[in-house]
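K.L.:
Sequence plus predicted model, see below.
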Amino acid sequence: MSLRLRLTFAATLLLVIISLLGVLLVNSVGSSELRQVDQQLDNALPVARTIDSRSLHPIPSSSRTFSANRFSAFYIATITDGHRKVLTTPLDAGGKSPQRPSGVSTPFQSPKVFTVSSNSGSLEWRAVLIATPNSKTDVLVAISMAQVDTTMDFLKLAILLAGLVILLVVVATGFWIARLGLRPIAEVTEVADAITAGDRTRRVTRAHPRTESDKLAQAFNMMLDEQLSLEARLRQFVADASHELRTPVSVILGITELWRQGELRSGEERDEAIHRIGLSGSQLGELVEDLLLLARLDEGRTMERVPVDLARLIGEVVADALAIDPHRTITVVVPGPVIVLGDTSGLRQVVSNLVGNALRYTPETAAVEVRLSNSASGATLDVEDTGTGMTHEDASHAFDRFWQADASRSRSGTGLGLSIVRSIVNAHGGEVTLQSDLQTGTRVRVILPLGETDNSGSDGVDAVRPTDGVL
């Protein structure tokens, strides 16, 4: 059942209940008014029974006197052989008289009260016909229902007007709910169907600010934009990964085809081909390992948390880098042991990627400096070079996966190094920033939360003496 149909059913049920309550109220008030009229009629019967049929006047009594004022609200008449003689007539009867009731009551039984019409007109009466003992004369006592009819007509009119007001309120409320609530939902459904059909440009119109429907439209539009952005990033990721995989795969397939055709005849040619296959395989392996690492970090897997001395780790990474490229000069500024809680291999990869990027993307004459400091905010690692920096636009994409400032991608690297750095640092609860300028070079800063420091080295981490020099 749709929401609109449920609201319609609820409104209809409400109107039915209100109508039933109105009918019940009218019947209750009508019954109460009728009981009051019958009570007045019953109070007048004892006096009416004292009327002498011969004199047609009330019989005097010390305890009861007949007065026209007392019976000004009643109609009293005697009926003898079909002839009626009126004694009193109500002031509000307008000269009308009630018809004779169909039943007669004796003075010694409970009176039978009837509702009768007027001889002319639509006025109704509550009447009792009492038989006089030892006489052919009957006494007709009646009371007009004019006041009761007036009260009931007013009550019915009031209930009708109240019902109309309630109906208008329900209709207005339903229209308001449909406009602010159901119509936006219907529009969301329509947009969703259009997107499913292939129109990815459709969006929900935000027509009523600061309402739930506006928040729904905003969230729906943001979801669509995020989905499109995610799909765009996924397509770019696949394209970049394919680009990085294409070169080593092409090398391996090309050498394999040469071997199949018998072109690799000499031993030196075969050795060179195997060496090139090994290099391409290593490149593929590094790319796959980087992608797997990023996938694990994206899943939010917790990393190992052990005390790690960043000073010692930096020294080891710099020593390895100089062993590979001994002609470069790397300045290391380390104040002493700086202990953080983290994953040793992950933090080593962070330092290795930063130092490797500084060496790979700068000329041999450029200076590289690795600086470690310790403060209340955490351990701060700066890797700075004086090579050719990047523009502000290129720097804004530095942490994007597979992104490289060199569009031709002639340089080695997969474009995943800084992405891995950011993911590992974020997994440790830290932050990483990059500043670059074409004149001054590039500086990458990593801030990591500190762990418990034990200068004695009893925590299992060897202390590193303060170092301020050039390696």
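P.N.:
All right, it came through fine.
K.L.:
now the helices for the stretch 301-450 of the chain?
P.N.:
310-324, 344-360, 392-396, 417-427 (DSSP state H, counting those that start in this stretch).
K.L.:
now the first one and helix 344-360, what's the angle there?
P.N.:
Going back to what we said before, that points to helix 310-324. Counting by axes from the mean of the first three to the mean of the last three Cα atoms, to 10 degrees, helix 310-324 lies at 50 degrees to helix 344-360.
K.L.:
picking that back up, can you put the helices of the stretch 301-450 of the chain in TSV and add mean pLDDT, mean neighbour count and distance to residue 203?
P.N.:
Every C-beta, even on glycine, is put in place using the N, C-alpha and C of the backbone. What follows is these, written out as TSV (pLDDT from 0 to 100; neighbours: other Cβ atoms under 10 Å; distance: least, Cβ to Cβ, whole Å):
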stretch	mean pLDDT	mean neighbour count	distance to residue 203
helix 310-324	90	18	48
helix 344-360	89	21	40
helix 392-396	82	13	27
helix 417-427	86	21	31
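K.L.:
can you redo those helices as TSV with distance to residue 197?
P.N.:
Shown next, in TSV, are those (distance: least, Cβ to Cβ, whole Å):
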stretch	distance to residue 197
helix 310-324	54
helix 344-360	45
helix 392-396	36
helix 417-427	36
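K.L.:
out of the ones you listed, nearest to residue 199?
P.N.:
Each of these has some distance to residue 199 by Cβ to Cβ; the shortest is helix 392-396, at 31.6 Å.
K.L.:
burial count for residue 327?
P.N.:
Using other Cβ atoms under 10 Å, residue 327 is surrounded by 6 other residues.
K.L.:
show me the contacts for it.
P.N.:
By Cβ atoms under 8 Å, 6 or more residues apart in numbering, residue 327 lies in contact with residue 364.
K.L.:
looking at the helices of the stretch 301-450 of the chain, which is closest to residue 23?
P.N.:
Nearest to residue 23 among the helices of the stretch 301-450 of the chain is helix 417-427; the distance by Cβ to Cβ comes to 69.9 Å.
K.L.:
Show residues contacting the closest one.
P.N.:
Contacts of helix 417-427 (Cβ under 8 Å, 6+ apart): 290, 293-294, 297-298, 302-303, 343, 346-347, 349-350, 353-354, 356-357, 398-401, 431-432, 434, 444, 446, 448.
K.L.:
Show me how far it is from its chain's centre.
P.N.:
Relative to its parent chain, helix 417-427 has a centroid offset of 34 Å by Cα atoms, centre = their mean, to the nearest Å.
K.L.:
List every C-alpha atom in it, with coordinates, as PDB.
P.N.:
The C-alpha atoms that make up helix 417-427 are tabulated as PDB, following Å, rounded to 0.1, in the frame of the first residue of the first chain:
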ATOM      1  CA  GLY A 417      54.100   6.100  -3.600                       C
ATOM      2  CA  LEU A 418      52.400   9.100  -2.000                       C
ATOM      3  CA  SER A 419      49.000   7.400  -2.000                       C
ATOM      4  CA  ILE A 420      50.500   4.600   0.000                       C
ATOM      5  CA  VAL A 421      52.200   7.100   2.300                       C
ATOM      6  CA  ARG A 422      48.900   8.900   3.000                       C
ATOM      7  CA  SER A 423      47.000   5.700   3.600                       C
ATOM      8  CA  ILE A 424      49.600   4.300   6.100                       C
ATOM      9  CA  VAL A 425      49.800   7.700   7.900                       C
ATOM     10  CA  ASN A 426      46.000   7.900   8.200                       C
ATOM     11  CA  ALA A 427      45.900   4.300   9.500                       C
END
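K.L.:
which residues of the stretch 1-150 of the chain fall in helices?
P.N.:
Going by DSSP H, counting those that start in this stretch, the stretch 1-150 of the chain shows helices at 3-48, 146-177.
K.L.:
Can you lay out those as JSON lines showing mean pLDDT and mean neighbour count?
P.N.:
Below are the helices of the stretch 1-150 of the chain laid out as JSON lines (pLDDT from 0 to 100; neighbours: other Cβ atoms under 10 Å):
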{"stretch": "helix 3-48", "mean pLDDT": "83", "mean neighbour count": "14"}
{"stretch": "helix 146-177", "mean pLDDT": "86", "mean neighbour count": "13"}
